[in-house]
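Trainee: Pasting the sequence and the predicted model now:
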Amino acid sequence: MDCIQPIETQGATYRYEEDGQQAVDHVSLSIPKGSMIAVLGHNGSGKSTLAKLMNALYLPTEGRVLVCGLDTALEENLWDVRRHAGMVFQNPDNQIVATVVREDVAFGLENLGVPQPEMLPRIDEALLAVRMTEYAAAAPHMLSGGQKQRVAVAGVLAMQPDVMILDEATAMLDPSGREEVFSTVRKLNREKSITVVWITHFMEEAALCDRVLVLHHGAIAMDGTPREVFSQVDELKKLGLDVPPMAELAEMLRQGGLSLPAGILTVDDMVKELKACL
Amino acid sequence: MLKDITLGQYMPGNTVVHRLDPRTKILLTTAYITMIFLVGSPLWYVVPALYVALASRLAGLSFGQLLKSIKPLRFLLILTFVLNLFFSGGTTIWVHWGFITIAKEGVLLAVHFSMRLIFLVVGTSVLTLTTSPVALSDGIEILLKPLKVVHFPSHELAMMMTIALRFIPTLIEETDKIMKAQQARGADFESGNLIARAKAMVPLLVPLFVSAFRRAGELAMAMEARCYHGGEGRTRLRVLRFTMEDTKAFLVSAAALAVVIVGRSLL
């Protein structure tokens, strides 16, 4: 089945039973196929809860969440939803099940009941896509954090999902591991046109996505391209978020009287615009 | 210091015995244990002795490796021997000195039971020395599958074993970290008497347990996210296949078992 509308939420709301707090508050959004969307927000803004709503790990207490047109609230859709929308979690150690890399990648396929001869090429392909082929027979605890997360990505990829939801998948990694995982997922998004929901609190990662969504108290506070969002420096600061350093510098220069256009995010942008000023 | 801990006693290799299907090895070990219990007199231990000698030779195991497996049992062995020697009574008295009486029957019984223990441990360690824990849990899962009719959770048992194996290195690493963190704050794990040292373990075990529970929760969610829903309708990456070698192994064991049964009936 071809998936035209990977993720759509219609007034999705999630209230925690324990404290009655609204973690996600009437969020309506639709994510087009093949895009990579970053979800930002400070701690407790509802990022993780929103992610879990997209994978039927949580069911909306109000509103609807549709994954590839399937309503997550319907019991019979549960396993289809999870096959279409794969999820990678924050802690690399707590999502690897098997004692060998290859077998961990197979875990999802085994659960789906894929016949064994069909599994082998799918595992090889997934490991190749995340550049972990040479570690197929390795024990997961011998790998670095970035490698473990790439194995987790391969485990989801082997299930051939339409959407990948990465819930702060780089939060526990060192800078080089972060870069490894981000570029791997970005490449999968471009080459296999897998839709990606990238939940993060690193602005430099969000700046490289197609679209940025900022959550505040469970509701959408900002939504737009990285340029649109990051040029609203004051607004971002009000929401308790960092601003990419170059965007902040541009804002300071602007206040100092230099007429710089909006939407400067990277050092390259800055160099170009400053040259134009001179 | 905790890093170089070995799991079980598996010795990787590529011998005939290593290559045997784990199901075969588990079944043959069961047959072997039956054989040990069927041996009628100390003399007939020559059959299991030959059998173990053949198996360990094929598996490339040295005599020393097998002897090592008895070491933890040495006190139990001595106890078994002594108790049987002095307290099993009998009519043909060999030594009578004060309150100590040693009868011929007692000596035979002592030898018999000690041999039984030794052979039990040595034979089963051929299984654990040549089969990886993962292969063992696979074999156990498939062999126990028929018990599903009485609702025995064979898949769940094997899954638990796999996850335990997967998390042992992670938790060891974590223990190491917590120990260092507590030592940095003045905890002392090494000095004092037994009770003091046991007490010192509390600040180590509490965070370890808390973290293990947290991990378990996260892992459960990750497994569900990857469509895990129990053993129902699940396929497997590792497929076990019986080969000619398995058949041969079955035949050799059947022969050994037959010899022991015949020997018993001759008594």
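Mentor: That came through, no problem.

Trainee: make it CA atoms for all contacts and neighbour counts henceforth
Mentor: Fine.

Trainee: and the stretch 51-200 of chain A, which residues reach chain B?
Mentor: For the stretch 51-200 of chain A, the residues in contact with chain B under the definition CA under 8 Å from any CA of the partner chain are A:55, A:57, A:79, A:82-83, A:86-89, A:93-99, A:103, A:106-116, A:119-120, A:141, A:156.

Trainee: Just the buried ones from the residues you listed?
Mentor: A:55, A:57, A:79, A:82-83, A:86-89, A:93-99, A:103, A:106-112, A:114, A:116, A:119, A:141, A:156 (16 or more other CA atoms under 10 Å in any protein chain shown).

Trainee: just to revisit the earlier point, taking the residues of the stretch 51-200 of chain A next to chain B one by one, which sit in strands?
Mentor: Secondary structure from DSSP state E places A:Gly86, A:Met87, A:Val88 of these in strands.

Trainee: And stretch A:71-81, end to end?
Mentor: The stretch stretch A:71-81 measures 8 Å between its terminal residues, going by CA to CA, to the nearest Å.

Trainee: List the buried residues for it?
Mentor: A:Asp71, A:Thr72, A:Ala73, A:Leu78, A:Trp79, A:Asp80, A:Val81.

Trainee: what sits against the fifth one?
Mentor: If you count contacts by CA atoms under 8 Å, 6 or more residues apart in numbering or on different chains, A:Trp79 has them with B:Cys227.

Trainee: what comes up buried for stretch A:123-135?
Mentor: With burial defined by 16+ other CA under 10 Å, the residues of stretch A:123-135 counted as buried are A:Ile123, A:Asp124, A:Glu125, A:Ala126, A:Leu127, A:Ala129, A:Val130, A:Arg131, A:Met132, A:Thr133, A:Tyr135.

Trainee: Run the chain-centre distance for stretch A:28-42.
Mentor: 8 Å (CA atoms, centre = their mean, to the nearest Å).

Trainee: Could you list the buried residues of it?
Mentor: When burial is assessed from 16+ other CA under 10 Å, stretch A:28-42 yields the following buried residues: A:28-29, A:31, A:33-42.

Trainee: Same check on stretch B:48-60?
Mentor: Buried positions in stretch B:48-60, judged by neighbour count with 16+ other CA under 10 Å: B:Pro48, B:Tyr51, B:Val52, B:Ala53, B:Ala55, B:Ser56, B:Ala59, B:Gly60.

Trainee: What average pLDDT does it get?
Mentor: When pLDDT is averaged along stretch B:48-60, the result is 92.

Trainee: and which of the buried residues of stretch A:71-81 is nearest B:Val121?
Mentor: Nearest to B:Val121 among these is A:Trp79, at 46.4 Å by CA to CA.

Trainee: that older thread, go through the buried residues of stretch A:123-135 and say which is closest to chain B.
Mentor: Proximity to chain B was ranked across these by CA to the nearest CA; first place goes to A:Ile123, at 10.0 Å.

Trainee: isn't the closest one right up against A:Val101?
Mentor: No: with contact defined as CA atoms under 8 Å, A:Ile123 and A:Val101 do not form a contacting pair (10.0 Å).

Trainee: residues from chain B in reach of chain A?
Mentor: When proximity is defined by CA under 8 Å from any CA, chain B lies next to chain A at B:162-163, B:165-166, B:169-170, B:215-216, B:218-219, B:221-229, B:233-237, B:239.

Trainee: Narrow those to just the buried residues.
Mentor: By the neighbour-count criterion of 16+ other CA under 10 Å, those include these buried positions: B:162-163, B:165-166, B:169-170, B:215-216, B:218-219, B:221-228, B:234-237.

Trainee: In helices only, show me the residues you listed.
Mentor: Among these, the members falling in helices are B:162-163, B:165-166, B:169-170, B:215-216, B:218-219, B:221-225 (criterion: DSSP state H).

Trainee: For those, work out which two are farthest apart.
Mentor: Using CA to CA, the two most remote members of these are B:Pro169 and B:Ala225, lying 23.9 Å apart.

Trainee: so where's the stretch 1-150 of chain B uncertain?
Mentor: In the prediction, the stretch 1-150 of chain B carries residues with pLDDT under 70 at positions B:1-8.

Trainee: For chain A, what's its nearest residue on it.
Mentor: For the stretch 1-150 of chain B and chain A, the shortest gap (CA to the nearest CA) falls at B:Val134, measuring 8.0 Å.

Trainee: Now that residue: which helix or strand?
Mentor: Under the criterion of DSSP states H and E, B:Val134 resides in helix B:133-144.

Trainee: do B:Gly40 as well
Mentor: Secondary-structure assignment from DSSP H and E places B:Gly40 in no helical or strand segment.

Trainee: give the contact list for it.
Mentor: Going by CA under 8 Å, 6+ apart, B:Gly40 touches B:Gly263, B:Arg264, B:Leu267.

Trainee: Compare those residues and tell me which is most surrounded.
Mentor: Of all these, B:Gly263 has the most neighbours under the rule other CA atoms under 10 Å in any protein chain shown, reaching 17 neighbours.

Trainee: my guess is that residue contacts B:Trp44, does it?
Mentor: Yes: with contact defined as CA under 8 Å, B:Gly263 and B:Trp44 form a contacting pair (7.2 Å).

Trainee: so B:Met179 sits in a helix?
Mentor: Yes: counting by DSSP: H, G, I helix; E, B strand; the rest coil, B:Met179 is located in a helix.

Trainee: Nearest residue to it in space, ignoring adjacent ones along the chain?
Mentor: B:Leu204 (6.3 Å; CA to CA, 6 or more residues apart in numbering or on different chains).

Trainee: again, but for B:Ser62
Mentor: Leaving aside its chain neighbours, B:Ser62 sits nearest to B:Ser56 (7.2 Å; criterion: CA to CA, 6+ apart).

Trainee: still on that earlier bit, return the subset of the residues of the stretch 51-200 of chain A next to chain B lying in helices.
Mentor: A:79, A:82-83, A:103, A:106-112, A:116, A:119-120, A:156.

Trainee: ok, so of the residues you listed, who is nearest B:His18?
Mentor: The shortest approach to B:His18 among those belongs to A:Glu103, at 20.1 Å (CA to CA).

Trainee: Show the contacting residues for that closest one.
Mentor: Residues touching A:Glu103, when contacts are defined by CA under 8 Å, 6+ apart, comprise B:Leu237.

Trainee: what does the model give it for pLDDT?
Mentor: Looking at A:Glu103, its pLDDT stands at 92.

Trainee: do the same with B:Ala258
Mentor: Confidence per residue is given as pLDDT, and for B:Ala258 that number is 92.

Trainee: For chain A, see how far away it is.
Mentor: B:Ala258 is 39 Å from chain A, where distance means CA to the nearest CA, to the nearest Å.

Trainee: mind checking the SS state of that residue?
Mentor: The local conformation at B:Ala258, judged by three-state DSSP, is helix.
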